[in-house]
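Trainee: any chance you can model this:
(one chain, ligands or ions: 1)
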Amino acid sequence: MTRLLFTGASGFLGFNFLNLFAHQYEIIGTCLTNTPPEGQARCVRLDLADQSQVRAFFREFEPQAVIHAAALSNPNECQKRPELSRAVNLDATAFLAQLCADQGLPLVFTSTDLVFDGEAAPYQEADPPNPISLYGEHKALAEAEVLARHPGAAVCRMPLMYGPSGPVNPSFLNFMLKAVAEGRELKLFTDEWRTPVSGADGARGLALALTLIMEQGACGLLHLGGTERLSRYAFGEILRRVLGRPDMALSPCLRSDVPMPAPRARDVSLDSGKARALGYAPSTVEEELGRQFAGGIEVAEASGS
Ligand SMILES: NC(=O)c1ccc[n+]([C@@H]2O[C@H](COP(=O)([O-])OP(=O)(O)OC[C@H]3O[C@@H](n4cnc5c(N)ncnc54)[C@H](OP(=O)(O)O)[C@@H]3O)[C@@H](O)[C@H]2O)c1
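Mentor: The predicted model follows:
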């Protein structure tokens, strides 16, 4: 079994990856302030911004492959705390890539669709990044560092993800379900589009990228978007249909109605044809939500989705 370092095991994607792959790899997860649910996988506290800690971790655990999913992942937080965003999203990623390159370790780095400006979707891997937020800028710079230091690495651009999560990092679906449960109106953007996937499909995409590196020696840029271009409002309409809740109140709104610290890109939909040709097969939102809510909304809430 490959000894796999998964950074950010206590995060949303970590929860989904560990759920699916804890039996396929010997996973050593890392976390910073939170912990993954009891029994999911072995997890060690590690501040990736502290290079001496990272070096010591590699000496102690001798990972054979790395998936790097730890990040300051909230664009508004990054905008408000630019130094922390640079330290975690850029500098720590570059250092990790160098360590992996020096030791010949396969590396999968999770980047984002927000490296694009949103004015020329759908985006293919060859399209040039042009981020409009600090989060996107630090991720785009990190991508370049990873590929320069470790050309065989995979740089997976993740889309908006939703679905079951651990207790600490819910996805936007949780906020929608909470509003439904409380009978509140949901205000959702009609002028922002992405290609969402479930956290489980995103995790499968990362495993695919790792397999490619291990079998073929390299992967490069890989878009892991979903099959549909959707606004949050359209997502809400699918949820309402799947839940069979015509009483669910959706209210259309625009990005300009909700000022936020980080600028929001209009349409960062990804063309994920390359990944699909390699076997990536994400479900549609309707299929995924249908499975998730087959037992009704109460079951889904009880399981923490
Ligand atoms: N979720 C999405 O919709 C989405 C979309 C596009 C791209 N992405 C990318 O996908 C990856 C995973 O995202 P996610 O949603 O799982 O993020 P998340 O839920 O916010 O989790 C972030 C993880 O990073 C860890 N972390 C933060 N700062 C750290 C530090 N200095 N040292 C060590 N660990 C640190 C956190 O640890 P603690 O919680 O223990 O503090 C947590 O485990 C990220 O690279 C993100 O940029 C996510």
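
Trainee: residue most distant from the centroid, the chain?
Mentor: Relative to the centre of the chain, the most outlying C-alpha is that of D247, 31.2 Å out, by C-alpha atoms, centre = their mean.

Trainee: just the pLDDT for that one.
Mentor: Looking at D247, its pLDDT reads 88.

Trainee: state the distance from the closest residue to A207 other than its chain neighbours to D47.
Mentor: In this structure, A207 finds its nearest non-sequential neighbour in F21, 5.9 Å apart by C-beta to C-beta, 6 or more residues apart in numbering. Every residue, glycine included, has its C-beta placed from N, CA and C. Per C-beta to C-beta, to the nearest Å, F21 is found 24 Å from D47.

Trainee: residue contacts, E26?
Mentor: Neighbour list for E26: 1-4 [criterion: C-beta atoms under 8 Å, 6 or more residues apart in numbering].

Trainee: generate a PyMOL selection restricted to the buried subset of these.
Mentor: Buried members of those, defined by 16 or more other C-beta atoms under 10 Å, are picked up in PyMOL with:
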select buried, resi 4
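
Trainee: output the contacts of E26 in TSV; the columns should cover pLDDT, distance to L188 and secondary structure.
Mentor: Below are the contacts of E26 laid out as TSV (pLDDT from 0 to 100; distance: C-beta to C-beta, whole Å; DSSP: H, G, I helix; E, B strand; the rest coil):
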residue	pLDDT	distance to L188	secondary structure
M1	93	43	coil
T2	96	41	coil
R3	97	43	strand
L4	98	37	strand
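
Trainee: give me the phi and psi angles of H68.
Mentor: phi -100, psi 100 (degrees, to the nearest 10).

Trainee: show me the contacts for the nearest residue to M248 once chain neighbours are set aside.
Mentor: Spatially, and ignoring its direct neighbours in sequence, M248 is nearest to R240 (4.4 Å; C-beta to C-beta, 6+ apart). Neighbouring residues of R240 by C-beta under 8 Å, 6+ apart: 246, 248, 250.

Trainee: what pairs with the last one across the strands?
Mentor: Listed beta-bridge partners, L250: L186 (assigned using DSSP bridges).

Trainee: distance-wise, check it relative to A87.
Mentor: Distance of L250 to A87, given as C-beta to C-beta: 39 Å.

Trainee: which one's more surrounded, these two?
Mentor: A direct count of neighbours by other C-beta atoms under 10 Å for L250 and A87 places L250 higher, at 20 against 17.

Trainee: what is the burial count for the residue of the chain found nearest the ligand?
Mentor: When scored by C-beta to the nearest ligand atom, the chain has G11 as its residue closest to the ligand, at 2.2 Å. G11: 26 surrounding residues under other C-beta under 10 Å.

Trainee: ok, now the one 4 residues further on?
Mentor: The number of residues packed near F15 is 27, by other C-beta under 10 Å.

Trainee: dump the residue contacts of F15.
Mentor: By C-beta under 8 Å, 6+ apart, the contact list for F15 reads 36-37, 40, 164-166, 169, 199.

Trainee: one more time with 6 Å
Mentor: F15 makes contact with 165-166, according to C-beta atoms under 6 Å, 6 or more residues apart in numbering.

Trainee: and the helix or strand where it lies, C-alpha only, in CSV?
Mentor: For F15, the element it lies in under DSSP states H and E is helix 12-21. Written as CSV, here are the backbone C-alpha positions of helix 12-21 (Å, rounded to 0.1, in the frame of the first residue of the first chain):
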residue,chain,number,x,y,z
PHE,A,12,-14.1,19.4,3.1
LEU,A,13,-12.2,17.6,0.4
GLY,A,14,-10.1,15.7,2.9
PHE,A,15,-13.3,14.4,4.5
ASN,A,16,-14.5,13.1,1.1
PHE,A,17,-11.1,11.7,0.1
LEU,A,18,-10.6,9.8,3.3
ASN,A,19,-14.1,8.4,3.2
LEU,A,20,-13.5,6.9,-0.2
PHE,A,21,-9.8,6.0,-0.2
